[in-house]
Every structure is written in C-alpha cells, then in structure tokens.
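structure, please.
(4 chains)
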There are 2 protein chains.
Amino acid sequence: MTNSAHSSDEPCPVARSIGVIGDRWSLLIVRDAFDGIHRFSDFQRSLGVARNILADRLRRLVEAGILVARPTREGGAYQEYVLTEAGKNLFPVVLALRQWGERQLFTPGEPHSELIETKTGKPVQRMVPRNEDGEVLLPDDTKVRKLS
Amino acid sequence: MTNSAHSSDEPCPVARSIGVIGDRWSLLIVRDAFDGIHRFSDFQRSLGVARNILADRLRRLVEAGILVARPTREGGAYQEYVLTEAGKNLFPVVLALRQWGERQLFTPGEPHSELIETKTGKPVQRMVPRNEDGEVLLPDDTKVRKLS
DNA sequence: CAGTATCCCTCAAGATACTG
DNA sequence: CAGTATCTTGAGGGATACTG
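The predicted structure follows:
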C-alpha cells in the first residue's frame, strides 16, 4: 500500500472498514459507547488513553459519522458523544470480536468482562464475578443476556 | 494503556482480540486466506505490503494459532499458510466488517469486491462486474451466496 | 520463490503543561 | 471538566539489497 492510498480508494469493504476503525482505540471507544459512556473523561478513564489521542479519535469518529457530538443537557459547555445509526451498526463487529476473543484468547477459567443486560434493557460490559464453579454472581434483579 | 500492558493482560475480550489482529494487515491476510491464498508471494501481490512486514505478520499469525505454516506438497522447500480452526472462527469478524463497510462506506452505485461462492463451495472475494442496472454479471455456473 | 537483513522515515501514541 | 499545545519516543511500515 503506497501512502497515497486512502481508505476510500480501497475496493474491498473489509479493507475500507479497517481504514476507518482499524486502529488501536476507535473500536474500543465504540465499545464503551455501547456501554453508555459518552463523556470525554469517562472514555479517558476507561481506556487509559492519552488525552490528545482520545480527542483525535473522537474527532475522527465524528467525521466518519460513527459518533455525533452534541451539547450535554445539563447546560455544561461541553459535548457528549453518542452513537449514530452507522455507529450502532458496528454492534455485530464488536460482538464478533468479543466472541472470538472469549473463545480463542482466554483460558477456560480466566476471568473476563462480559456483556450483560441491565434493568434498563441496555447491554453493558462489566467484569463479572464468578464463584469457583464458574457461576456468575450478580444481584437478583440483573438480567443476563446469553450471546452464544 | 502503559506500554508494559500486553494484550494478554486485557480483561476485555474485544481489547484482547484487537491486540492480536487489530493492525493494518493481519485481518486482510486472514481475508485472503479465506480466499484460498496461501503462498507468500500471493499474499504479497494481493496486499501490496512490504515483504518484511508480511513475513512478520505471518509469523505472528502463526504464533497466535490463527495460521499454520506447513510444507507445500509439491516438495517446494517453502511453506504454505492455512487457517487453523481458530483462524476459521474469524469468519464472522471479517463478515461483520465487510457488511458494515458495504453499508456505510460505499456510495450506492460504487463498485466493490464481494463474497461469492464458487463451484467448489468455497466462498471467494472478487471484484464483481455489474451492468448499469446494478445486476451482477457472472458466468452461468457461478453460485451466488446472499449474505444479507 | 520465499524469505532475511538493513536502513530509513513517518506517524501513532504517550507525557506534560496549559486554558476556558 | 474538556479539551489544546508542545515535545519526545518507539513502533509500524516501506524500500532495497541480499540469500538458500
């Protein structure tokens, strides 16, 4: 690939997608957005990414039409970032990566974060405590969505 | 993320997956492998990637258990790279990226490569010629798999 | 053909300080 | 709090020459 080759030149949709969200952080930002994170500091704390990089990635995701920046309703002078329809359409991508990772990259007993459904009906990724038998320990009122 | 944080430290399967296949080339190599490409030069020609980078990515994909390198049966001294089960399990990831890209990153009439099924039953990615009505032009004996 | 060995360069990423 | 500005570093990637 010469450096002049833009992602919009790529005739393959896979390559073009990778050109847009194929860096180390973008898809993790999207994952967090599915989690309901929408504020700069929360992304920053969740990811541990440098602030300037985060600012740049958020800007690029907005340019790509994956996120929209809109003023928060508490009248704060700043923005919140929410998924557009195009962004929400990335859910199968994130899910496929999650399932592959769970299956291939974790040893059987190894703890990992999972996708659970909260009372609001919104899926959220959390570290899920398990007992010795591998059973998930959650409050009684938590709904669990089986994703296999 | 401190630099000492290895992908195997990540508690999130999404992040860990990205740590393994989240660079510019690995998934494209996997995509080509689904295409039936398994020789060094063919990957190189298909991707246009530098040889040293390709060698490095192939090595890492083998280490990750996504490809196996095995001697070619024509007795050539060199290797061929084929997908393991773990590698084949990446199909949903590649497919999800493909579908998202087709949907979000291409203008309606814009030509792009597609996934078609050959007579052998093996799906292959090809640039598919279309006429002015958007109809796909293929030899009569080609089966087309609808992926939507 | 299938790589390896070098060299080089750009950019992603991090750290830190600063601002409205 | 939500960024911007600046500096530095290192890894990713490219080009080319070389080798069994």
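
skipping its backbone neighbours, what lies nearest whatever residue of chain A ends up closest to DNA strand C in space?
Going by C-beta to the nearest atom of the strand, DNA strand C is nearest to residue A:24 of chain A, at 3.2 Å. (Glycine included, C-beta is placed from N, CA and C.) Excluding its sequence neighbours, the residue lying closest to residue A:24 (C-beta to C-beta, 6 or more residues apart in numbering or on different chains) is residue B:22, at 6.3 Å.

could you do residue A:97 as well?
Counting by C-beta to C-beta, 6+ apart, residue B:17 is the residue found nearest to residue A:97 once chain neighbours are left out, at 4.4 Å.

quick one: that neighbour and residue A:93, what's the gap?
Using C-beta to C-beta, to the nearest Å, we find residue B:17 at a distance of 11 Å from residue A:93.

neighbours around the residue of chain A closest to DNA strand C, how many?
Residues within reach of residue A:24, counting by other C-beta atoms under 10 Å in any protein chain shown, total 16.

which non-adjacent residue is nearest residue A:30?
Closest to residue A:30 by C-beta to C-beta, 6+ apart is residue A:90, at 5.4 Å.

nope, residue A:89 is what I was after
residue B:100 (5.8 Å).

for the one you found, give its distance to residue B:22.
Counting by C-beta to C-beta, the gap from residue B:100 to residue B:22 is 16 Å.

residues contacting the spatially most central residue of chain A?
The centroid of chain A falls nearest to residue A:31 when counting by C-alpha atoms, centre = their mean (0.7 Å). Listed by C-beta atoms under 8 Å, 6 or more residues apart in numbering or on different chains, the contact partners of residue A:31 are A:94, A:125, B:12, B:14.

cool, residue A:81 as well?
By C-beta under 8 Å, 6+ apart, the contact list for residue A:81 reads A:33, A:38, A:39, A:40, A:43, A:58, A:61, A:62, A:67, A:68, A:69.

could you redo the last one with a cut-off of 7 Å?
A:33, A:38, A:58, A:67, A:69 (C-beta atoms under 7 Å, 6 or more residues apart in numbering or on different chains).

and what of residue A:65?
Each residue near residue A:65 by C-beta under 7 Å, 6+ apart is listed here: A:84, A:86.

can you tell me the SS state at it?
coil (DSSP: H, G, I helix; E, B strand; the rest coil).

could you check how far it is from residue A:53?
20 Å.

tell me how many other residues surround residue A:83.
With other C-beta under 10 Å as criterion, residue A:83 counts 18.
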